[in-house]
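Q: Quick one: sequence and predicted model below, then my questions.
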Amino acid sequence: MDFLRDVRPILAQHCFQCHGPDDNARKAKLRLDQKEAAFAERKGKFVVAPNAPENSLPVRADHLRQRKAPDAPAGKSEALTEKKIETLRLWIEQGAAWPEHWAFVAPKRPALPEVRKSEWVRDPIDRFVLTKLETENLNPNPEATREAWLRRASFDLTGLPPTPQELDEFLKDTSPKAYENQADRLLASTRYGERQTQEWLDLARYADTGGYQNDSPRQMWKWREWVINAYNANMPFDQFTIEQLAGDLLPNATLSQRWRPGSTATIPPIARRARRKTSTAPRTSSTA
Ligand code: HEC
């Protein structure tokens, strides 16, 4: 049973609406989004009593069986199923581990695993790949040809196949750093930012047009260019987030920080929503 994978999603879907971070919506003064609150004693009882589901309130409480997922589409709300109740029960029975989200845990360098076929290993990472293969009784594939490798690396990093000249240069490069040189070349290419930006823009629902009915001119591409440049300049993620949400509110904001979030034509939907809720600063007019 894994708290973050199996349990927290159930609590988030079925409980946070009334026992979550929102002070105004909270019922029974109970929070289930924080470990201390969920484990605290409540008038001699426990909501979560590790190892003792019979003493834990959520599993006994009848009200659980009526809890519908608040985000379910109207008419289709799914009550907390017996299976999910059983998951909560099992999790408590197994000790109710509540680890910190991995994003807040500093990564530690793991010890290198022992492998049988150690002559195959060229790089420490190979040991991790090989351990998994060996536990599955699989053999590594033969090494890819240089042609195949460059094609894969190029598609991965830039979204484009290598040109014949690029392939020729790679085939001619007999130095031990031949592969590294190609990886560096691809990472330094402006196509790298274009390819990686695709994923981000898809998630943020970027579109060049407003759809069939509303195909008037749009300047959304300015934001696309801004994201591409951010990737190519290796902008740290915190800065990337800050500038997209409130670049124009930064002290001594540069033109690139100001124009993008300042313009409603180019502001991405998530940022627009966040700013509507929080920003009390006067609207800057678009300089785009
Ligand atoms: C729609 C609002 C709502 C949702 C969703 C909700 N609850 Fe509750 N909960 C309440 C209210 C109201 C009370 C107080 C009255 C009662 O016990 O029914 C309460 C009380 C409780 C109590 C008793 C606290 C005590 O000290 O007696 C527990 C335990 C609890 N909820 C757990 C849960 C769990 C676990 C979930 C999710 C599976 C959940 N609740 C979802 C509204 C909600």
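A: On my side now, so go ahead. Residues are numbered from 1 along each chain as shown.
Q: Quick one: name the residues of the stretch 151-288 of the chain near the ligand.
A: Residues of the stretch 151-288 of the chain lying close to the ligand by C-beta under 6 Å from any ligand atom: none are found. For the C-beta atoms, the positions are set from N, CA and C on the backbone; glycine is no exception.
Q: How many residues are close by Arg31?
A: Arg31 is flanked by 20 other residues according to other C-beta atoms under 10 Å.
Q: any idea how far Pro176 is from the nearest residue to it once chain neighbours are set aside?
A: For Arg31, ignoring the flanking residues on the chain, the nearest one in space by C-beta to C-beta, 6 or more residues apart in numbering is Ala37 at 3.9 Å. Distance, Ala37 to Pro176, by C-beta to C-beta, to the nearest Å: 57 Å.
Q: Between those two, tell me which one has more neighbours.
A: The neighbour comparison of Ala37 against Pro176 (other C-beta under 10 Å) goes to Ala37, with 15 against 7.
Q: could you list every residue that touches Pro140?
A: When contacts are counted by C-beta atoms under 8 Å, 6 or more residues apart in numbering, Pro140 is found next to Lys117, Trp120, Val129, Leu130, Leu133.
Q: Next, give phi and psi for Val47.
A: As for Val47, its main-chain torsions (degrees, to the nearest 10) stand at phi -70, psi -50.
Q: pLDDT at it, what is it?
A: Per-residue pLDDT puts Val47 at 86.
Q: how about the closest residue to it other than its chain neighbours, what does it touch?
A: In space, and not counting its chain neighbours, Val47 is closest to Leu57: 4.6 Å by C-beta to C-beta, 6+ apart. The contact partners of Leu57, taken as C-beta under 8 Å, 6+ apart, are Arg42, Lys45, Phe46, Val47, Val48.
Q: Mind doing that once more with 7 Å?
A: Applying C-beta atoms under 7 Å, 6 or more residues apart in numbering to Leu57 gives the contacts Lys45, Phe46, Val47.
Q: my guess is Leu187 contacts Ser154, does it?
A: No: between Leu187 and Ser154 there is no contact under C-beta atoms under 7 Å: 11.4 Å.
Q: between these two, who's got more neighbours?
A: Applying other C-beta under 10 Å to Leu187 and Ser154 shows that Ser154 carries more neighbours, namely 22 against 14.
Q: Work out for me the element that one sits within.
A: With elements taken from DSSP states H and E, the one containing Ser154 is helix 146-158.
Q: Now that helix: average pLDDT?
A: The average pLDDT for helix 146-158 rounds to 97.
Q: Could you do stretch 208-216 as well?
A: 70.
Q: Ok, stretch 100-115 next?
A: Per-residue scores along stretch 100-115 average to 90.
Q: Sounds good, over and out.
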